[in-house]
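Peer 1: Please work out how this folds:
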Amino acid sequence: MTRKNLVKLFQILLISSILVVVASASFQISAVRAESAFDLQIGLKAPQHVAPGTSLVVNLSYGNIGTETSPADTQIQVSLPAGLTFVSAVDQDGNPMPPTSIDGDLLTWDVGALPAGSCCRHIWVSALVSPDLIKGTTLTTTAQISSATVESNLTNNTASVTSTVCNMVGSAKKATAK
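Peer 2: Next up is the predicted model:
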């Protein structure tokens with residue numbers, strides 16, 4: 001191989017290397033851009049103790065605390081434990097908000113696009129506690145909020161809350177007059 005051919009080969013290899021570096025950097029930049037700036041969050045609250053045969057209300061809070069609107073396919077799924085039967089659901093204003101679908105103990109709401117900075121939306125889920133549950137039974141309700149689009153922070157997309165079945169007979173105090 002002549003010196004002239006070696007110089008051309010070196011130039012081709014150098015240009016190829018530069019193109020690979022540029023292409024790799026472009027891919028990394030576009031991969032970072034693929035992650036959205038929306039940040040879905042969910043939380044659950046419920047009474048710590050429940051009695052058999054009574055109603056249990058789970059407060060599900062959700063929102064998008066990010067800087068961009070969430071995708072239109074945003075949905076919430078709630079899994080009720082054995083021993084709880086779904087009765088109804090309402091939003092924070094008391095308006096009926098039935099699940100989009102119910103599959104056994106899995107309740108799904110298609111909540112759609114959530115605006116940036118939206119928090120503190122609520123779904124109040126009412127369920128009947130089976131009268132056959134024994135004292136000490138633990139009822140754990142779980143929930144998740146998600147979208148098909150990649151989200152950078154998944155740590156706040158799931159929640160769970162536990163209630164324990166007990167007799168809830170109340171306390172009886174005796175007062176003695178002195």
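Peer 1: So for the nearest residue to A148 once chain neighbours are set aside, what's the pLDDT?
Peer 2: Of all residues not flanking A148 in the chain, D73 sits nearest, at 5.4 Å (C-beta to C-beta, 6 or more residues apart in numbering). To be clear about C-beta, it is placed using only N, CA and C from the backbone, and glycine gets the same treatment. You'll see D73 listed with a pLDDT of 97.
Peer 1: Same check on the one 5 residues further on?
Peer 2: Reported pLDDT at V78 in the predicted model: 98.
Peer 1: The residue nearest to A148 touches S147, doesn't it?
Peer 2: Yes. Using C-beta atoms under 8 Å, D73 is in contact with S147, at 5.5 Å.
Peer 1: same for the longest strand seen in the chain, what does it pack against?
Peer 2: Counting residues, the longest strand found in the chain (DSSP state E) is strand 118-129. Contacts defined by 3 or more C-beta pairs under 8 Å, 6 or more residues apart in numbering; DSSP states H and E place strand 118-129 against strand 55-64, strand 84-91.
Peer 1: quick one: which of D73 and S147 has more around it?
Peer 2: S147 (20 against 13; other C-beta atoms under 10 Å).
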